[in-house]
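K.L.:
Curious how this folds, go ahead:
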Amino acid sequence: MAANRFDRWRRRLLPSLPLSAMVFCFWLLMNDAVTVGHAAMGLLLALLIPQISARLDREFARIGSLRGVPKMAAILLMDIVHSNITVALQVLGPERRINPGFVWLPLEVANIHGIAALTSIITLTPGTVSASLSDDRSHLLVHVLNLEDPDEVIRQIKTRYEKPLMEIFP
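P.N.:
Numbers count the residues shown, from 1 in each chain. Predicted coordinates for the structure are as follows:
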């Protein structure tokens, strides 16, 4: 019973011991010298930050099937290489051939981790950048360096990236 009471007290004071240790260590690393004052401030932050972060609303990743990850990674790698070449030719060519623009991508993926992966993939691919996510998470604003056909950009993103991500993050 005493051990149970101690465990509840420890969890209340230190909801995440690894996070507390990490905050303390990083605080000391960010300062130019280790002093008693820096250690005391690091200890205070190590006690407060995990308590504050424990109260935040978090969405945990739900992982579905990982079978499509190798294929999607291969497609992404090929798209990055192809996009690098395309962007280089566009930048080195006549400026009048570049038609930048924004397109709103309607999202079917609802998992925030899937959306984060999609925005990262879009931004990793040269010539496209994820710019904004609508408040209801139903649309993603994408900037395209050369926007000739908005519907084709949407179709490619949805079939090449969003559909496989929906299997990974249901």
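
K.L.:
Distance-wise, check L118 relative to P70.
P.N.:
18 Å (CB to CB, to the nearest Å). For every residue, glycine as well, the C-beta is placed using N, CA and C.

K.L.:
These two: who's more crowded?
P.N.:
L118 (26 against 9; other CB atoms under 10 Å).

K.L.:
check which helix or strand covers that one.
P.N.:
helix 112-124 (DSSP states H and E).

K.L.:
how distant is that helix from the center of its chain?
P.N.:
6 Å (CA atoms, centre = their mean, to the nearest Å).

K.L.:
Quick one: mean pLDDT for it?
P.N.:
Average pLDDT, helix 112-124: 92.

K.L.:
Now that helix: buried residues?
P.N.:
By neighbour count on 16 or more other CB atoms under 10 Å, the buried set for helix 112-124 is H113, G114, I115, A116, A117, L118, T119, I121, I122.

K.L.:
do the same with stretch 146-166
P.N.:
By neighbour count on 16+ other CB under 10 Å, the buried set for stretch 146-166 is L147, V153, I154, I157, K158, R160, Y161, E162, P164, L165, M166.

K.L.:
again with stretch 130-141
P.N.:
S130, L133, L140.

K.L.:
tell me the contacts of the closest residue to the second one other than its chain neighbours?
P.N.:
Just to be clear, that refers to L133. Distances taken as CB to CB, 6 or more residues apart in numbering place L140 nearest to L133, at 5.6 Å, with adjacent residues excluded. Taking CB atoms under 8 Å, 6 or more residues apart in numbering, we find L140 in contact with W104, L105, L107, I115, L118, T119, I122, S130, S132, L133, S134.

K.L.:
can you list the residues you listed in a markdown table and add distance to N31?
P.N.:
Formatted as a markdown table, these follow (distance: CB to CB, whole Å):
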| residue | distance to N31 |
| --- | --- |
| W104 | 45 |
| L105 | 44 |
| L107 | 43 |
| I115 | 37 |
| L118 | 38 |
| T119 | 34 |
| I122 | 38 |
| S130 | 35 |
| S132 | 36 |
| L133 | 36 |
| S134 | 41 |
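
K.L.:
between those, which is closest to V34?
P.N.:
T119 (38.9 Å; CB to CB).

K.L.:
need the contact list for the closest one.
P.N.:
Shown in contact with T119 (CB under 8 Å, 6+ apart): S130, L133, L140.

K.L.:
Out of those residues, the closest to R5 would be?
P.N.:
Taking these together and measuring to R5 by CB to CB, the closest member is L133, at 44.6 Å.

K.L.:
Paired strands for whichever helix or strand V129 is part of, with orientation please.
P.N.:
If you go by DSSP H and E, V129 is part of strand 128-133. Paired strands of strand 128-133, with direction, are strand 139-144 (antiparallel) (DSSP bridges).
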